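>>> next one to model:
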Amino acid sequence: MSTEDRAGGQHHGTHDDGAAAELDDLSLDLTDALRGVEGVVEVLDARPVVVAAITAVADGIDGGGPRGLVDVVRTGGVLTVAASVATDVGQATPETLARVAAVLRDRAGRGSGAEVVVSVTSRVIEPPLPR
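Here you go, the predicted model:
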């Protein structure tokens, strides 16, 4: 059986609502933490655009609560964390991404006992061009 957690990831095997809620809470916590990382302008949805759009529509129909933008998936003893951030053009992107990865690894790994695998993608947002 495969179920989708509210953070947008796939779980294989049987998981109860408590495990899904734990991943939801972790996704929200990680999303909030990334907003405070130097060089991060915005935290973007890490899920594919189509999945994010379908989820947004479903949440509108069933009144789903707040959703984190960081994708968190637990498979066995491995916790996979994926984030997408917009970075400031005035900061070195590799350094910003290293800070983001460190925050994700540290916060996701707290007390979980799981191996944490982190993936971070970035988008550079420049100021609008003058017209």
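>>> how close does Ala19 sit to Val78?
The spacing between Ala19 and Val78, counted by CB to CB, to the nearest Å, is 14 Å. Using the backbone N, CA and C atoms, a C-beta is placed for each residue, glycine as well.
>>> same deal with Arg35?
Computed as CB to CB, the Arg35 to Val78 distance reads 26 Å.
>>> kindly report the same for Leu28.
Using CB to CB, Leu28 is found at 21 Å from Val78.
>>> who's more crowded, the two?
Summary of the neighbour comparison: Leu28 and Val78, criterion other CB atoms under 10 Å, with Leu28 having more neighbours (19 against 11).
>>> quick one, phi/psi of that one?
Main-chain dihedrals, Leu28, degrees, to the nearest 10: phi -60, psi -40.
>>> before we move on, what about Val43?
Listed backbone geometry of Val43 is phi -100, psi 130, with angles given as degrees, to the nearest 10.
>>> return the set of residues that bridge with it.
Taking DSSP bridges, one obtains Val85 as the residues bridged to Val43.
>>> and it, how many residues sit next to it?
Every residue meeting other CB under 10 Å relative to Val43 is counted, giving 21.
>>> surely it meets Val85?
Yes - with the criterion set as CB atoms under 8 Å, Val43 and Val85 qualify as a contacting pair; they are 5.6 Å apart.
>>> list the residues that contact both of the two?
Common contacts of Val43 and Val85, defined by CB atoms under 8 Å, 6 or more residues apart in numbering, comprise Leu34.
>>> centroid-nearest residue for this structure?
Using CA atoms, centre = their mean, the residue of the chain that lies closest to the mean C-alpha position is Val70, 0.7 Å off.
>>> so what's that residue up against?
Contact partners of Val70, counting by CB under 8 Å, 6+ apart, are Ala7, Ser27, Leu30, Thr31, Leu34, Val43, Ala46, Val81, Ala82, Ala83, Leu104.
>>> which residue is the nearest non-sequential neighbour of it?
Leu30 (4.1 Å; CB to CB, 6 or more residues apart in numbering).
>>> just checking, the one you found touches Val72?
Yes - look at Leu30 against Val72 with CB under 8 Å: they come within range, at 7.1 Å.
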